[in-house]
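**Q** everything below, folded, please.
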Amino acid sequence: MHFNVNKYIFILSLINCARLITEYSQYFYFFVICEIFS
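**A** Model prediction:
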């Protein structure tokens, strides 16, 4: 039971990290596009 809880928390943290990375990459690409077209 304890192992399953740790596994669930680990998966949740991975999902949160992936979500943060995608958000930052969107901002990064937006910044690059603005720099190119300015």
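**Q** how about the strands in this protein?
**A** In the chain, no strands are found when defined by DSSP state E.
**Q** what are the ranges of the helices in it?
**A** 2-37 (DSSP state H).
**Q** so where's it shaky on pLDDT?
**A** Low-confidence segments of the chain (pLDDT under 70): 1-2.
**Q** 80 instead?
**A** Low-confidence segments of the chain (pLDDT under 80): 1-3.
**Q** if you count neighbours, what's buried in stretch 28-38?
**A** By neighbour count, with 16 or more other Cβ atoms under 10 Å as the criterion, stretch 28-38 contains no buried position. C-beta: built from backbone N, CA, C; applies to glycine.
**Q** from here on, count from 92
**A** Sounds good: first residue 92 from here, last item stretch 119-129.
**Q** can I get it in PDB? Just the C-alpha atoms.
**A** Coordinates of the C-alpha atoms in stretch 119-129 are reproduced here as PDB (Å, rounded to 0.1, in the frame of the first residue of the first chain):
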ATOM      1  CA  PHE A 119       9.900  30.600 -25.000                       C
ATOM      2  CA  TYR A 120       8.700  30.000 -28.600                       C
ATOM      3  CA  PHE A 121       6.400  33.000 -28.300                       C
ATOM      4  CA  PHE A 122       9.400  35.100 -27.300                       C
ATOM      5  CA  VAL A 123      11.500  33.800 -30.100                       C
ATOM      6  CA  ILE A 124       8.800  34.500 -32.700                       C
ATOM      7  CA  CYS A 125       8.400  38.000 -31.300                       C
ATOM      8  CA  GLU A 126      12.100  38.500 -31.600                       C
ATOM      9  CA  ILE A 127      12.200  37.300 -35.200                       C
ATOM     10  CA  PHE A 128       9.300  39.400 -36.400                       C
ATOM     11  CA  SER A 129      10.200  42.500 -34.600                       C
END
